[in-house]
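Asker: just need the structure, nothing else, for what follows:
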Amino acid sequence: MDTRKIGGEGGLQVSIVGVGCNAFGKRVDEKGTHAVIDAALDAEITFFDTAESYGGGLSEEYIGTGIKGRRNQLQLATKFGHSHSNVEGKAKGSADNVKFTADKALKALRTDYIDLFQQHRPDPDTPVTETMGALEDLVNEGKIRYYGCSFYTGAEMQEAVNEAKKHGLKGFVTAQNAWNMLLRDIEEDLIPVCDANNIGLLPYYPIAKGLLTGKYSKGAQAPAGSRMEGDSDLANADFDLLEKLDVYAKDHGYDLLTLAISWLASQSCIACVISGASKADQLASNSVAARWKLSATQLSEVDAILRT
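Answerer: Residues are numbered from 1 along each chain as shown. Take a look at the predicted model:
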């Protein structure tokens, strides 16, 4: 498994494909979570991305029981401040909530440090300098190693970069946003800011909720219990485009899933591709899905297909 570095020189070495843990505690019970963790490590996938809000808090709990005795074999990322504050009367991005939620996560994950602690959503009620200052304190205390953010726009990220430089803070080292071949909004907005400031991208939804796996066809119903069941994205999907991408992948000896993951992994700004998993057998296919090293010419060819 190829790896990338988060945080610059001497930073955090992570697998190019990571496990999105939002199904843990919701669609996956504790035993199933442990099976996914086992399969991920067997496949050399070492980066696990969760959040305090996933599974109503059970995702962190299940991961904590599942990594016992092998903490040094993996990297843990979690998030705070999705929709609420844990500290009464304080905003979700406040220093008090950042530090309280970090301690809460450390306890749930049964670890004494978090590799990457991320602000889940921007907080308009808290200056970003206060949030980053609290995160910097946590780094200095050894409770977290690095900090990042999620759902930031390019303008919000640029403000964070400017404020970090102004106040002598390390600043966010990662940004986590939705990005895939069908959803490319951040390419003109967020990515230029990240590229200019050595901020690694952690894209989620890399296979567009399953549309980029090739398992859905025009007019067909999503399987019961699948992520696309009842999702309007399936009804509105451009299956002509999906077929063109599938043909391109097969012409080069790969499948659509491999093209989707490898297209992201071939982008220079990528730190790790976050791919959700609810079953252990998904990890083997996820681990090899980044094996296609697309050349600059091939990336241009795919881009031409996507723009038709």
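Asker: for whichever strand or helix holds S262, packing partners?
Answerer: Per DSSP states H and E: S262 is located in helix 256-265. On a contact count with 3 or more Cβ pairs under 8 Å, 6 or more residues apart in numbering; DSSP states H and E, helix 256-265 meets helix 239-251, strand 273-276, helix 282-288, helix 296-306. Placement of C-beta: from N, CA and C, glycine included.
Asker: list the contacts of the helix or strand containing L234.
Answerer: Using DSSP H and E, L234 sits within helix 232-235. For helix 232-235, contacts defined as Cβ atoms under 8 Å, 6 or more residues apart in numbering pick out 208-209, 211, 216, 222, 228.
Asker: sorry, back to before: just say which of the helices and strands packed on helix 256-265 is most tucked in.
Answerer: Of those, the one with the most neighbours on average (mean count of other Cβ atoms under 10 Å) is strand 273-276, at a mean of 26.
Asker: and it, how far out from the chain middle?
Answerer: Chain-centre distance of strand 273-276: 6 Å, with Cα atoms, centre = their mean, to the nearest Å.
Asker: would you put the C-alpha positions of that strand in CSV?
Answerer: Only the C-alpha atoms of strand 273-276 are listed here, as CSV (Å, rounded to 0.1, in the frame of the first residue of the first chain):
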residue,chain,number,x,y,z
VAL,A,273,-8.8,8.9,0.0
ILE,A,274,-11.4,8.2,2.7
SER,A,275,-13.6,5.3,1.6
GLY,A,276,-16.4,4.1,3.9
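Asker: in the helix holding L234, what counts as buried?
Answerer: The neighbour-count check on helix 232-235 (16 or more other Cβ atoms under 10 Å) flags 233-234 as buried.
Asker: repeat that for stretch 131-143.
Answerer: Neighbour-count burial for stretch 131-143 [16+ other Cβ under 10 Å]: 131-136, 138-139, 143.
Asker: what about the helices in the stretch 101-250 of the chain?
Answerer: Secondary structure of the stretch 101-250 of the chain by DSSP state H, counting those that start in this stretch: the helices cover 128-140, 154-167, 190-196, 232-235, 239-251.
Asker: now for the second one, which elements pack on it?
Answerer: With contacts taken as 3+ Cβ pairs under 8 Å, 6+ apart, helix 154-167 sits against helix 128-140, helix 190-196.
Asker: where does pLDDT dip in the chain?
Answerer: 220, 223-230 (pLDDT under 70).
Asker: 80 instead, please
Answerer: 9, 217-235 (pLDDT under 80).
Asker: let me see the contact set for the closest residue to E159 other than its chain neighbours.
Answerer: Counting by Cβ to Cβ, 6 or more residues apart in numbering, V128 is the residue found nearest to E159 once chain neighbours are left out, at 6.3 Å. V128 is in contact with 93, 122, 156, 159-160, 163, counting by Cβ under 8 Å, 6+ apart.
Asker: next one: G57
Answerer: 25, 108.
Asker: what about it, distance to A260?
Answerer: 31 Å (Cβ to Cβ, to the nearest Å).
Asker: burial check on the residue nearest to S83 when sequence neighbours are not counted, number of neighbours?
Answerer: Spatially, and ignoring its direct neighbours in sequence, S83 is nearest to S53 (6.8 Å; Cβ to Cβ, 6+ apart). S53 is flanked by 19 other residues according to other Cβ atoms under 10 Å.
Asker: before we move on, the earlier item: could you export the helices of the stretch 101-250 of the chain as CSV, including distance to A265?
Answerer: As requested, the helices of the stretch 101-250 of the chain are arranged in CSV below (distance: least, Cβ to Cβ, whole Å):
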stretch, distance to A265
helix 128-140, 27
helix 154-167, 22
helix 190-196, 15
helix 232-235, 23
helix 239-251, 14
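Asker: and of those helices, who's closest to N22?
Answerer: Closest approach to N22 among the helices of the stretch 101-250 of the chain (Cβ to Cβ): helix 232-235, 16.9 Å.
Asker: put the alpha carbons of that closest one into PDB.
Answerer: In PDB, the C-alpha atoms belonging to helix 232-235 read as follows (Å, rounded to 0.1, in the frame of the first residue of the first chain):
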ATOM      1  CA  SER A 232     -32.400  11.000  -5.500                       C
ATOM      2  CA  ASP A 233     -28.800  10.900  -6.800                       C
ATOM      3  CA  LEU A 234     -29.500   7.500  -8.300                       C
ATOM      4  CA  ALA A 235     -32.600   8.700 -10.200                       C
END
